[in-house]
Structures are given as C-alpha cells and as structure tokens.
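In: Whatever this is, show me its structure:
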Amino acid sequence: MGGARMEDRKDDFCVKSEIGRLKRVMLHRPGKELARLTIDNKDELLFDDILWVEEAQKEHDAFADLLRDNGAEVVYFKDCLSYILKEKEIRKELLDDVLAMEALDIPLSKALEKELLELPADELSEILIAGLTKGEALELLKPCTSLVLNSMGLYDFLIRPLPNLYFQRDPFSFVQDGVIISAMNFDARKKEPLYGKYIFEHHPYFKELKVFFGNRSRDTYPYHIEGGDVLVLSDKVVAIGISQRTAAGAVQIVGNRLSQNTSVRTVLAVDIPKARSAMHLDTVFTMVDHDAFTVYPEARKTIRIWELQYREDGSLSSIKEHRDLEVCIKKTLGLETVRFIETGGGDPIAAARDQWNDGTNTLAIAPGVVVTYRRNVVSNRVLRENGIKVYEIRGAELGRGRGGPRCMSMPLARD
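Out: The predicted model follows:
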C-alpha cells in the first residue's frame, strides 16, 4: 500500500484490543538489510545469528499471505516510505535527520546528501533501510575532503542498515485511533521510529493520525519505550512492560497521554526480567482470547504489576501493586475466570526452548485464533488443547532475529 487510493482513508485506525478480528496490518518484508549481517556486526545490530535472506523472505511472504487469507489488508512499511520520499522537501528533511544520526563530518554529509537527493524514491528508501557502505558511496560521490571517509574501511557503513525493521511491532504501537512512536533503547534501532514519524506526518493515509507519544522533544531518553511492551487489553486497559527496553518513566507518561486522548483509564505496568530472552512484555505474555492468555511460567513467578488509575484529565489518581497476575487481570478486565496457557505446557525444558523460539509471542487475528511459529510444537499443542485455533507458519530463519508473529506485525485496525 503506497498509492493514492489510500488518501480518502484517514479514519481506518481502531485498535481497542489484542484479539479483535484483524482488518489491517503493517509489515516490512525483509530485504537487503538482512544481508548486511555478519558474524562481526551481529551483536551490535542486536542479532544472535545471521539469516538466510531468501528463505526469510519466503517465510515472511507466507505469513503475509496467511493474514490476507484471513481477511486482513497488508500495508508495507517500505511502500509508505517510498511514497513520501517522492516529495523533495520531505526527503531533504528526512535525510538531514538521518545523516545527523550517523557519525559523519560536515563535508561528507553535505556531499552525500546532494547525491542521495537525486535518487528515485524507491532507491533512496532502499538505502535508508539497507544502509550504505563506503564502497557503495564512492560510486555516488564526487571527491570530497572528509577525514571520516578517508579513515573508513571499504565495507564500513556511512548509513547503518536496519535489519530489525521486519519486527514492525517495536518502532510504534497503535492504540485506539492514535499511535505511540517509540523511543528505542539501542542505537541500532533508533532510526526506525524516525522513519515512522515521517510516514505518519506526511503520508496522506496517516497524516490525520493522532500521535500520543514521540512527537515532542522530551519524548526521548531516558523515557525509552518500545511497541513490543504495549498490549491493548481492552478499550479501557493497556498493559505496558517495564523491561530491558522500556522505562518506568515512559509508562507513566504514556498513561497520561492515553487517558487524556482515549477511553483508557487503567495502565498495568508489568515488571519483567531484564533479559534478551524476555526483551519485551509480548515475549512472555500475550492475549489470545477474551479470557485466555499465553504466559511464560518462569516470568510469571517473579512478575510485579502496578495498576495505575488515571482520571480523564490525565492525572494519576492511584497506584496499586499486585503480585498475582490472575487476580490483577480478573479485576481490571472484569472477568470471572481467566485461562493462563503456559509456554511449553509448563514443562521447564519445553518452556525454555519454546520461549527462546518465541512460543509465547502469538499474534491473535480474531478471538481464539492465533498465528505461531510451527517449530513450537509443545506450545502449539497446548494452545489447541485449550480451544485456541492455531495457524502455524515456518520461522526457521525469521525466528533467528528473536521475534515471532506478534513482533513482526503492527495492527492498524481491528474489529
């Protein structure tokens, strides 16, 4: 989706739950940026392994097809980025911001920007996502007096790649009729929400979208927040993880903004282990039906929850700590009973294996209907035993990035 037919569709944002029938979703098909991963740079780029790109693309295409087959319209991030880059003023403004985030000197930045401004929009969006090495830049640049350029290796990046971009859940999160633009914790991902911000400001499909967080200068460090920590449990309750990548201060600010602008009055601040295997709340806890949730048993043992109640004007009226996840969920969602479906069926070894392979990171596409990785055999069986319909996708390559179906998708609209 990137064409003019989107222009008359400014009211197509409605996410009031995790489980409503998925109508519209944003994805990013992985591309050349994954081919930039090496054994030497994978840690800096937040990967544990390097991926077989073509196979990852096949897996992602099958994922997108499954969503379409179940009635969802797929919007591609790169199409939206290419669309806005057709406007010269926008591309210059974005390039100014991007180059300011890279460690370049002024002569190199000016020379590089001059050449990039002349590229077709599709080529420029490819560079902004896949990155640009010194060797590639030399094919574009005229000679310039830059110490940075001279001191770089041929395969060093002037513009760093964004291999994590296929995890569309993290750079932003849609809540009701607006969006939270993330403030990413690690440098490797800081450009992703910047691109999202430009899309939401300048694409005709998104320009009327409300921005709850991320459009003010103070919505940055130390207020890190990432979309994988944001779960829309109902039209009145949102859960936000306090995690390796989301700070408690950001949770409170987002609660203030949501209560001022939406029907949300309760924010559950969920403190989870600060570990890579549990980097976001949705890696240990997801909603799969009106009364059913997947949960990683080890995280549940140590979980702490603060129930934040807000007034309509955004002021915080109370904070109450909970140690029992079940009691907290029942109370805040008004449920008589709750089903917790444990990763790996509660078996410690199966749970640890499936957790590492994103067995808890389910994507609900309708109440009681989820998408999971096929490799999580035990967890998928347990979901079915609990009455959940499970669509399985292959994720042998995609899963190497440590993210599952929920991580790879950003719902724009649900029933």
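In: which other helices and strands contact the lowest-mean-pLDDT helix or strand in the chain?
Out: When each helix and strand of the chain is scored by mean pLDDT, DSSP states H and E, helix 297-302 comes last, with a mean of 90. On a contact count with 3 or more C-beta pairs under 8 Å, 6 or more residues apart in numbering; DSSP states H and E, helix 297-302 meets strand 339-342, helix 348-356. Any C-beta I mention is one placed from the backbone N, CA and C, and that applies to glycine too.
In: Of all the residues in the longest one, which ones are buried?
Out: Spelled out, it's helix 348-356. Under the neighbour-count criterion of 16 or more other C-beta atoms under 10 Å, helix 348-356 has 350-355 buried.
In: want to throw those residues into TSV with distance to Gly196?
Out: TSV is the format used below for those (distance: C-beta to C-beta, whole Å):
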residue	distance to Gly196
Ala350	36
Ala351	34
Ala352	33
Arg353	33
Asp354	30
Gln355	28
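In: out of the residues you listed, who's nearest Ala299?
Out: The nearest member of those to Ala299, counting by C-beta to C-beta, is Gln355 at 8.5 Å.
In: His224 versus the closest one, what's the distance?
Out: 23 Å (C-beta to C-beta, to the nearest Å).
In: cool, and Lys207?
Out: 26 Å.
In: More neighbours: these two, which one.
Out: His224 (19 against 13; other C-beta atoms under 10 Å).
In: is it true that that one touches Ala247?
Out: Yes - judged on C-beta atoms under 8 Å, His224 makes contact with Ala247 at a distance of 4.8 Å.
In: Gly345 is in contact with Arg384, isn't it?
Out: No - using C-beta under 8 Å, Gly345 makes no contact with Arg384, being 11.3 Å away.
In: Look at these two and report which has more neighbours.
Out: Using other C-beta under 10 Å as the criterion, Gly345 and Arg384 rank with Gly345 on top: 16 against 11.
In: and Pro204, which of the three is it?
Out: Classification of Pro204 by DSSP: H, G, I helix; E, B strand; the rest coil places it in coil.
In: Number of residues surrounding it?
Out: 15.
In: Check Ile225 too.
Out: Ile225 is flanked by 31 other residues according to other C-beta under 10 Å.
In: cool, Gly395 as well?
Out: For Gly395, the count of nearby residues is 25 (other C-beta under 10 Å).
In: Once you drop chain neighbours, what's closest to it?
Out: Nearest-residue entry for Gly395: Tyr373, 3.8 Å, with adjacent residues in sequence omitted and distances by C-beta to C-beta, 6 or more residues apart in numbering.
In: For the one you found, which residues are in contact?
Out: Going by C-beta atoms under 8 Å, 6 or more residues apart in numbering, Tyr373 touches 357-359, 392-395, 398-399, 404-405.
In: Can you tell me which of the residues you listed lies closest to Thr145?
Out: Proximity of those to Thr145 (C-beta to C-beta) peaks at Leu398, which lies at 43.6 Å.
In: Next one: the closest one from Ser151, what distance?
Out: From Leu398 across to Ser151, the span is 36 Å (C-beta to C-beta).
In: what do you get for Tyr391?
Out: Applying C-beta to C-beta, the value for Tyr391 to Ser151 is 51 Å.
In: what does Thr220 give?
Out: Using C-beta to C-beta, one gets 29 Å for the distance from Thr220 to Ser151.
In: Which one's more surrounded, those two?
Out: Per other C-beta under 10 Å, whichever of Thr220 and Ser151 has more neighbours is Thr220, with 13 against 9.
In: Do me a favour and get the end-to-end distance for stretch 228-246?
Out: 9 Å (C-alpha to C-alpha, to the nearest Å).
In: And the strands in the stretch 301-415 of the chain?
Out: Under the criterion DSSP state E, counting those that start in this stretch, the stretch 301-415 of the chain contains strands at 304-310, 316-322, 339-342, 363-366, 369-373, 389-393, 410-414.
In: likewise the stretch 101-250 of the chain?
Out: Ranges of strands within the stretch 101-250 of the chain are 132-133, 157-159, 172-175, 178-181, 210-213, 230-232, 237-242, based on DSSP E, counting those that start in this stretch.
In: would you turn those into CSV with distance to Glu93, mean neighbour count and mean pLDDT?
Out: Supplementary listing: the strands of the stretch 101-250 of the chain in CSV, determined by distance: least, C-beta to C-beta, whole Å; neighbours: other C-beta atoms under 10 Å; pLDDT from 0 to 100:
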stretch, distance to Glu93, mean neighbour count, mean pLDDT
strand 132-133, 19, 19, 98
strand 157-159, 16, 22, 98
strand 172-175, 19, 26, 98
strand 178-181, 16, 23, 98
strand 210-213, 17, 20, 96
strand 230-232, 28, 25, 99
strand 237-242, 31, 24, 98
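In: wait, which of the ones you listed is closest to Ala366?
Out: Taking these one by one with C-beta to C-beta, strand 230-232 is closest: 15.1 Å.
In: Name every strand pairing with the closest one and say which way it goes.
Out: Next to strand 230-232 in the sheet, as set by DSSP bridges, lie strand 237-242 (antiparallel).
In: With only the CA atoms kept, save the strand it pairs with in CSV.
Out: The C-alpha coordinates for strand 237-242 follow below in CSV (Å, rounded to 0.1, in the frame of the first residue of the first chain):
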residue,chain,number,x,y,z
VAL,A,237,-7.0,-1.1,29.9
VAL,A,238,-3.5,-1.2,28.4
ALA,A,239,-0.6,-3.2,29.8
ILE,A,240,2.9,-1.9,29.3
GLY,A,241,6.1,-3.8,30.2
ILE,A,242,8.9,-2.4,32.3
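In: got the angle between it and strand 304-310?
Out: 130 degrees (axes from the mean of the first three to the mean of the last three C-alpha atoms, to 10 degrees).
In: ok, residues contacting strand 237-242?
Out: By C-beta under 8 Å, 6+ apart, the surrounding residues in contact with strand 237-242 are 175, 225, 228-233, 246, 248, 251, 254-255, 258, 264-272, 280-282, 285, 332-333.
In: In PyMOL, how would I select the buried members of those?
Out: Entered in PyMOL, the line below selects the buried ones among the contacts of strand 237-242, by 16+ other C-beta under 10 Å:
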select buried, resi 175+225+228+229+230+231+232+233+246+251+254+255+258+264+265+266+267+268+269+270+271+272+280+281+282+285+332+333
